[in-house]
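Chemist: kindly return the folded structure for what I paste below:
(2 chains)
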Amino acid sequence: MKSLKHLFGIADLEREQIEYLVNLGDSFIDINRRPLKKAPTLRGKTVINLFFENSTRTRTSFEIAGKRLSADVINISASTSATKKGESLLDTGQTLAAMQPHVLVIRHSLAGTCEFLAQYLDNTAIVNAGDGAHEHPTQILTDLLTLKQAWGSPEGKVITMVGDIAHSRVARSHLLAAKKLGYTMRIVAPRTLLPAEVERYGCEVYHDFDEALPGSDAVYMLRVQTERLTDSCAFPSIREYHEAYGLNSKRLQAAGDDCLVLHPGPMNRGVEIATDVADSVRSHILAQVEHGVAIRMAVLTALCGGQAKERKTGSRKKLPDEAMRAQGTLL
Amino acid sequence: MSNTIFDSKRVNPALDTMARAIREGADDGNDIYMIGIQCGGAKVADALQHRLKKSAITVHRGNLDISFYRDDLDTVGPNPEVRPSDLPFDITDKHIYLVDDVLYTGRTIRAALGEIFDYGRPATVKLAVLVDRGGHELPISADIVGLSHQAEAGQSVKLITDPEGWYIKQRRVKR
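Modeler: Residues are numbered from 1 along each chain as shown, chains lettered A, B, ... in the order given. Reported below is the predicted structural model:
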């Protein structure tokens, strides 16, 4: 298996690497359940969480993951960073990299931020904690760990994902992973919330939720991301959206007795998911949160492992003209 | 090139002797708490537990995977096959037997002790190993040793748990 240098998205991972990270995450679950939640695995490592978008659970999850493995974790959010004072993304990245962290965890509203920075920061492993509507690899690895606990393997299963597919980086990561791991993605959304030509991912597309339910092994509800909807034409009203695309107990019955309910959080009760479903025994939503910490421990460990060979003293790279122009546009 | 240094005719009596030593070390009526290090140590601990069943002593079993406590993450990277640790009892104030298959540098035992103390504060920890192959790099030695052997630094000594009979193999490896 190829060793991991960065984690940008599912697109760059081989099946073997995905399974390795999920299995490694599985073995970290236990540490989080002990009375003394600390292991020395990442002692002496520095992890910087650089968040240009608001996030509570992902940032907290990375922070807990790093701290429970004895790494030093520093959180930087855009509202308090030099970005507000006019510093470019690349300068922020290079400044932080000059402080010699081992891992930089980045969330940004623009797709490809991590790949861009990785070209210029030699000694730092970069983890994508969500880039625009592109990918969110640690969330999907978390989902895969939850599914591993429930099913053993997702191969041959049908996951029905409902909601704002167009703005969902989790959806994109799942569509890519489904092909690599051999499960079927059924996506359900009004046309206004689907990306153009979504069929090319090889998924099944439905506009009627009730038609998609029979034969589903899991129903994955997505939050209606009101902050990303640029206009209010996607659907007529929240109440109407709930009627057509909300998961309630009657719908869940139609999916069969063994169907699991997943949600990446935060939930909007009464919008995409009804309270009785969110709190039912079939809901694995809190398990997903627990597994999120374990997966992030696995990702940090995998990226820090074997770094001794690669780390060399850093120096500022001279930027090509193209990058100088890119800096301007990424501000 | 590999050769067998102890065949099953030597390994089985060694396990019997170890089980006897553990039984004799236990106070009357006291339970024994035995922790095997994944995965060779866990198998040896299972074999010892099986032998101790014939006596009146209750044996509690747990397993540790010390992958996250190793000191070589920087150089070798994480172990691709990590098994979950499983300690189904509270270890505080207990007398613990830590069991491994082969004792070499002592680094695994150091890591295991670190992990045990993250679960609680045992009264005592004793180390039982099936083979002590020499070459210790830390001030760690076993309280109960099944078999002793002096292997050179470039040799790997392994327990092979063949269903036909367990044996110990030695093989030259690159260092």
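Chemist: mind listing what's buried in stretch A:153-168?
Modeler: Of all the residues in stretch A:153-168, those buried under the rule 16 or more other C-beta atoms under 10 Å in any protein chain shown are A:154, A:157-168. Yep, even glycine has a C-beta here, placed from its N, CA and C like the rest.
Chemist: show me which pair in those is furthest apart.
Modeler: A:157 and A:167 (24.9 Å; C-beta to C-beta).
Chemist: span of stretch B:133-151 from start to end?
Modeler: 6 Å (C-alpha to C-alpha, to the nearest Å).
Chemist: if you could redo that for stretch A:192-201, that was the one I meant.
Modeler: One end of stretch A:192-201 sits 18 Å from the other (C-alpha to C-alpha).
Chemist: do the least confident helix or strand in chain B by mean pLDDT and chain A meet at all?
Modeler: Sorting the helices and strands of chain B by mean pLDDT, DSSP states H and E puts helix B:73-76 at the bottom, at a mean of 76. Yes. Helix B:73-76 lies within reach of chain A by C-beta under 8 Å from any C-beta of the partner chain, at B:73, B:74, B:75, B:76.
Chemist: show the buried residues in those residues.
Modeler: B:73, B:74.
Chemist: out of the residues of helix B:73-76 next to chain A, who's nearest residue A:44?
Modeler: Using C-beta to C-beta, residue B:74 comes nearest to residue A:44 of the residues of helix B:73-76 next to chain A, at 8.9 Å.
Chemist: the closest one contacts residue A:306, doesn't it?
Modeler: Yes. Using C-beta atoms under 8 Å, residue B:74 is in contact with residue A:306, at 7.0 Å.
Chemist: closest residue of chain B to chain A?
Modeler: residue B:77 (3.3 Å; C-beta to the nearest C-beta).
Chemist: what's near enough to touch that residue?
Modeler: Neighbouring residues of residue B:77 by C-beta atoms under 8 Å, 6 or more residues apart in numbering or on different chains: A:3, A:302, A:305, A:306.
Chemist: can you list those in a markdown table and add distance to chain B, neighbour count and pLDDT?
Modeler: Shown next, in a markdown table, are the contacts of residue B:77 (distance: C-beta to the nearest C-beta, whole Å; neighbours: other C-beta atoms under 10 Å in any protein chain shown; pLDDT from 0 to 100):
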| residue | distance to chain B | neighbour count | pLDDT |
| --- | --- | --- | --- |
| A:3 | 6 | 15 | 85 |
| A:302 | 6 | 21 | 94 |
| A:305 | 3 | 21 | 84 |
| A:306 | 4 | 18 | 70 |
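Chemist: in helices only, show me those.
Modeler: Per DSSP state H, helices hold the following members of the contacts of residue B:77: residue A:302.
Chemist: of all the contacts of residue B:77, which two lie farthest apart?
Modeler: Farthest pair in the contacts of residue B:77, by C-beta to C-beta: A:302 and A:306, 9.2 Å.
Chemist: give me the element residue A:243 is part of.
Modeler: Element membership of residue A:243 [criterion: DSSP states H and E] is helix A:238-245.
Chemist: tell me the helix or strand right after that helix.
Modeler: Sequence-wise, the next helix or strand downstream of helix A:238-245 (DSSP H and E) is helix A:249-254.
Chemist: which residues are contacting that following helix?
Modeler: A:209, A:210, A:213, A:214, A:219, A:259, A:261, A:274, A:276, A:277, A:280, A:282.
Chemist: quick one: it to chain centroid distance?
Modeler: 27 Å (C-alpha atoms, centre = their mean, to the nearest Å).
Chemist: any idea how far the residue lying closest to residue A:199 once chain neighbours are set aside lies from residue A:262?
Modeler: The shortest distance from residue A:199 to any non-neighbouring residue, by C-beta to C-beta, 6 or more residues apart in numbering or on different chains, is to residue A:205 (6.0 Å). Distance, residue A:205 to residue A:262, using C-beta to C-beta, to the nearest Å: 19 Å.
Chemist: which of the two has more residues huddled nearby?
Modeler: Under the neighbour definition other C-beta atoms under 10 Å in any protein chain shown, residue A:205 and residue A:262 were set side by side, and residue A:262 has more, 24 against 16.
Chemist: wait, that one sits on residue A:218?
Modeler: Yes. In this structure, residue A:262 is within contact of residue A:218 by C-beta under 8 Å, at 5.8 Å.
Chemist: so which residue is dead centre in chain B?
Modeler: residue B:100 (0.9 Å; C-alpha atoms, centre = their mean).
Chemist: columns secondary structure, distance to chain B and pLDDT on top of the buried residues of stretch A:153-168, output as JSON lines?
Modeler: Below are these laid out as JSON lines (DSSP: H, G, I helix; E, B strand; the rest coil; distance: C-beta to the nearest C-beta, whole Å; pLDDT from 0 to 100):
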{"residue": "A:154", "secondary structure": "coil", "distance to chain B": "20", "pLDDT": "96"}
{"residue": "A:157", "secondary structure": "coil", "distance to chain B": "24", "pLDDT": "97"}
{"residue": "A:158", "secondary structure": "strand", "distance to chain B": "29", "pLDDT": "97"}
{"residue": "A:159", "secondary structure": "strand", "distance to chain B": "26", "pLDDT": "97"}
{"residue": "A:160", "secondary structure": "strand", "distance to chain B": "31", "pLDDT": "97"}
{"residue": "A:161", "secondary structure": "strand", "distance to chain B": "30", "pLDDT": "97"}
{"residue": "A:162", "secondary structure": "strand", "distance to chain B": "33", "pLDDT": "97"}
{"residue": "A:163", "secondary structure": "coil", "distance to chain B": "34", "pLDDT": "94"}
{"residue": "A:164", "secondary structure": "coil", "distance to chain B": "36", "pLDDT": "92"}
{"residue": "A:165", "secondary structure": "coil", "distance to chain B": "34", "pLDDT": "93"}
{"residue": "A:166", "secondary structure": "coil", "distance to chain B": "37", "pLDDT": "90"}
{"residue": "A:167", "secondary structure": "coil", "distance to chain B": "34", "pLDDT": "88"}
{"residue": "A:168", "secondary structure": "coil", "distance to chain B": "30", "pLDDT": "92"}
